[in-house]
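Q: Would you be able to build a 3D model of this:
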Amino acid sequence: MIRPMQTKPPPVAHIPQIHGLWRALMFDKGFIRDVVYRWPGAGLIYLHLVVAIIWIPLTAQVGWRFHSWVQDEAPTWVQGMPALTVEDGAVYTSISRDRMPYSWTPGGRTEPVLVLDTTGRTTSLEGRDEPLLITRDALITRDGPVSLDAVPFFYVDPELSLMTLDSAALWFPVMYYLCAFLVSVTWRCLQCMAYGLIAWGMVGFDSQIVSFGAGMRVAAMAITGVLYLDMVVSLLPFDVPGWGFVCFLLAMGYLYWAVKVAKEGPPPDVAAWRRGGTPEEAPAPS
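A: Predicted coordinates:
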């Protein structure tokens, strides 16, 4: 059937997108009809907002843990750390030659992490427990040596390490939040596209009922509550077995319900607009 030419703008949304942050949890049929038939776009801006919100407490938890470690454990951890200077690719240290090879075990650990020998007596990690070896001109790992020729100048000691960690405790949450947000929102947008395709398939790919864009909007609503629950579970000190599968089932259950609501038909104003007439004035949902 050929649809009549429509020159009038489509009905505007009765419920602002930001209200989806809590109304998506209420299983409100009027809200879902507004999402399907009146909201513009694919809901990706809304999804960015949800992801931005849930990463605030998660970042606060990680930042607090890092801050606590810097304040409580880092001073013990750097005990015995050798002072090192790298100048034009050559290593200089405060450790006397008669104490080399010098093995450093951070405070609170039982296994050494570094052996230092600028005398040339130790040239490999074979037979040693340390994963790192610093010689006069190279950093040697289990994977092989790394030349220090490209390092013009570098200096580190326990005091400088603590100062650096104190500064890092300030900007670490910001960097962590930005990285976590970018990775998470990319994944959630892809997930929303996949779930939107599923919603579209539930109506037989009939855009007269639910278009692909509307399916994505519904998918964003379907994973809103799941994201909140996942945030809470992530803050718990233990893991929930099979939680990822539980999240999938919850999202699919919401998606099925929302598509079922959409199949009941559009609101009167949307139906009139689709027929080419003047959209009827419909009261805003309570």
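Q: Let me see the confidence value for Ala272.
A: Per-residue pLDDT puts Ala272 at 67.
Q: hang on, Val12 in a strand?
A: No. Under DSSP: H, G, I helix; E, B strand; the rest coil, Val12 falls outside any strand and is assigned coil.
Q: ok, now how distant is it from Glu87?
A: Distance, Val12 to Glu87, using CB to CB, to the nearest Å: 68 Å. Every residue, glycine included, has its C-beta placed from N, CA and C.
Q: Same question for His19.
A: 61 Å.
Q: okay, and for the stretch 101-250 of the chain, where does confidence drop off?
A: Where the stretch 101-250 of the chain drops to pLDDT under 70, the residues are 108.
Q: What are the boundaries of the strands in it?
A: With strands called from DSSP state E, counting those that start in this stretch, the stretch 101-250 of the chain shows them at 102-104, 114-116, 133-134, 138-141, 144-147, 153-156.
Q: Now distance to Tyr256 and mean neighbour count too, for those strands, in a markdown table please.
A: Rendered in a markdown table, the data for the strands of the stretch 101-250 of the chain read as follows (distance: least, CB to CB, whole Å; neighbours: other CB atoms under 10 Å):
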| stretch | distance to Tyr256 | mean neighbour count |
| --- | --- | --- |
| strand 102-104 | 59 | 18 |
| strand 114-116 | 57 | 21 |
| strand 133-134 | 59 | 22 |
| strand 138-141 | 52 | 16 |
| strand 144-147 | 55 | 11 |
| strand 153-156 | 58 | 11 |
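Q: any chance of the ones you listed in JSON lines, plus distance to Leu235?
A: Formatted as JSON lines, the strands of the stretch 101-250 of the chain follow (distance: least, CB to CB, whole Å):
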{"stretch": "strand 102-104", "distance to Leu235": "35"}
{"stretch": "strand 114-116", "distance to Leu235": "35"}
{"stretch": "strand 133-134", "distance to Leu235": "40"}
{"stretch": "strand 138-141", "distance to Leu235": "36"}
{"stretch": "strand 144-147", "distance to Leu235": "39"}
{"stretch": "strand 153-156", "distance to Leu235": "35"}
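Q: So for Pro267, which of the ones you listed sits nearest?
A: Judged by CB to CB, the one of the strands of the stretch 101-250 of the chain that comes nearest to Pro267 is strand 138-141, at 65.0 Å.
Q: hang on, the earlier thing: out of the strands of the stretch 101-250 of the chain, which gets nearest to Ile32?
A: The closest of the strands of the stretch 101-250 of the chain to Ile32 is strand 138-141. By CB to CB, the value is 55.9 Å.
Q: chain center to that closest one, what's the gap?
A: Using CA atoms, centre = their mean, to the nearest Å, the mean C-alpha position of strand 138-141 is found 33 Å from that of the whole chain.
Q: Let's see that strand as PDB, backbone CA atoms only.
A: Output of strand 138-141 as PDB, limited to C-alpha atoms (Å, rounded to 0.1, in the frame of the first residue of the first chain):
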ATOM      1  CA  ALA A 138      70.000  -2.500  29.000                       C
ATOM      2  CA  LEU A 139      66.700  -3.600  30.600                       C
ATOM      3  CA  ILE A 140      66.400  -7.400  30.300                       C
ATOM      4  CA  THR A 141      63.100  -9.200  30.600                       C
END
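Q: As a check, name the ranges of all helices in the protein.
A: Secondary structure of the chain by DSSP state H: the helices cover 20-23, 29-37, 44-72, 74-77, 158-202, 212-235, 243-263, 268-274.
Q: Give me the angle between the third one and helix 158-202.
A: Right, the one you point to is helix 44-72. Helix 44-72 and helix 158-202 are oriented at 150 degrees to each other (axes from the mean of the first three to the mean of the last three CA atoms, to 10 degrees).
Q: quick one: average pLDDT of helix 44-72?
A: 90.
Q: Go through that helix and flag the buried ones.
A: 44, 46-47, 49-51, 54-55, 58-59, 62-63, 66-67, 70 (16 or more other CB atoms under 10 Å).
Q: Run through the neighbouring helices and strands of that helix.
A: helix 20-23, helix 158-202, helix 212-235 (3 or more CB pairs under 8 Å, 6 or more residues apart in numbering; DSSP states H and E).
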